[in-house]
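J.: dropping the sequence and predicted coords here.
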Amino acid sequence: MKTLYLDLFSGISGDMFLGALLDLGVELPQLERELAKLGLAGYHLHAERRHKGSIEGVKFDVHVEEEPPHGHRHGGPGHGHSHAAGHEAGHDHPHPHPPGHGHGPGADPGGHGRNHAQIRELISRSGLSAWVKARALAVFHRIAVAEGKIHGLPPEEVHFHEVGAVDYLLKPVSEEPLARALTRLRERLAAQEQGGGLDPDDMQSFKVGDDRHMIRVRELQAIVGERVYTRVLVRDGREFLHNRPLREWRFMLPRKLFRALDRSTIVNVTEVKMVRLGDDGVSRLIFQSSGHRLALGAVALKKLRTHINV
């Protein structure tokens, strides 16, 4: 497998991303060794397999010593666990600490977070590779600029408040396998910006109840916008509702097959059989094999005729 494709139709958090990569085979001890190069103390990483609803995966967490006690048992099956300086694995929690408990180098004992300038200094003097440093600094810079515009502050003064910014710091930086995955992801996103990020033989996932159906892109006949959803017509006669916006489909689908006919309709022109004018005066697009029929307005019909002879 050379490409890691993320279907981020509703976004992704740092712990979700790292959990997915751990599930794909990145080893937790390698991740711990790389993160130790930040020189942060007072935290530990926790990863274990979870089953929620109909989905199974790896749940990844960063536990900071100041947080309220958590009673999970360490050392069970499928359970990965690591502590920063001064901790041992294989024991029960909670972690009680007296007032004024220290956090080691680079920590924020006041609990008020770190500003962007402090985070930049922490990453710059860490033992991380130059490649990882550059990208971690770029991530924090973009967040600081955006937050600064909202709060009317220069980027250097923006504070990251989540658990003293430890949770923020541990997620944008990681070892080389994560860096390579991000490189592949960036290349894929660049292809999407140019249009046609998906190949005709790529698979798309559609969820119906507890079941997931995998359909090749070339078998999609049309995508129609319906309020917050899109209705997807498939060659075998099925229809699926998807929460991916039509504008994202337009960027992703291969242009050698798909054309946007109007603001609410994308059609696979290789799947078109004919256009038939009904007794009600409405032109309907008829697809091969499936029997799907799609009503077309004047604008969509004119656009279709620029691509195929119907």
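T.: Arrived safely, thanks for sending.
J.: tell me the mean pLDDT for stretch 116-132?
T.: Mean pLDDT, computed over stretch 116-132, is 88.
J.: what's the end-to-end length of that stretch?
T.: 17 Å (Cα to Cα, to the nearest Å).
J.: just stretch 284-293 next, same as before
T.: 6 Å.
J.: any residues touching that stretch, and which ones?
T.: The contact list for stretch 284-293, computed with Cβ atoms under 8 Å, 6 or more residues apart in numbering, reads 221-222, 233-237, 239, 267, 271-278, 294-296, 304. The way it works is simple: take the backbone N, C-alpha and C, and place the C-beta from them, glycine included.
J.: I'd like to know which of the residues you listed are buried.
T.: Those of the contacts of stretch 284-293 that meet the buried threshold are Gln221, Ala222, Leu233, Val234, Arg235, Val267, Glu271, Val272, Val275, Leu294, Leu296, Leu304, by 16 or more other Cβ atoms under 10 Å.
J.: quickly name whichever of the residues you listed is closest to Arg212.
T.: Val234 (14.1 Å; Cβ to Cβ).
J.: circling back: looking at the contacts of stretch 284-293, which are in helices?
T.: Judged by DSSP state H, these include Leu304 as members of helices.
J.: next step: the contacts of stretch 284-293 restricted to strands.
T.: Taking DSSP state E, the ones among the contacts of stretch 284-293 that sit in strands are 221-222, 233-234, 239, 267, 272-277, 294-296.
J.: show the contacting residues for Val208.
T.: Phe240 are the contacts of Val208 under Cβ under 8 Å, 6+ apart.
J.: got phi/psi on it?
T.: phi -130, psi 110 (degrees, to the nearest 10).
J.: who is it paired with across the strands?
T.: With DSSP bridges as the criterion, Val208 is bridged to Asp211.
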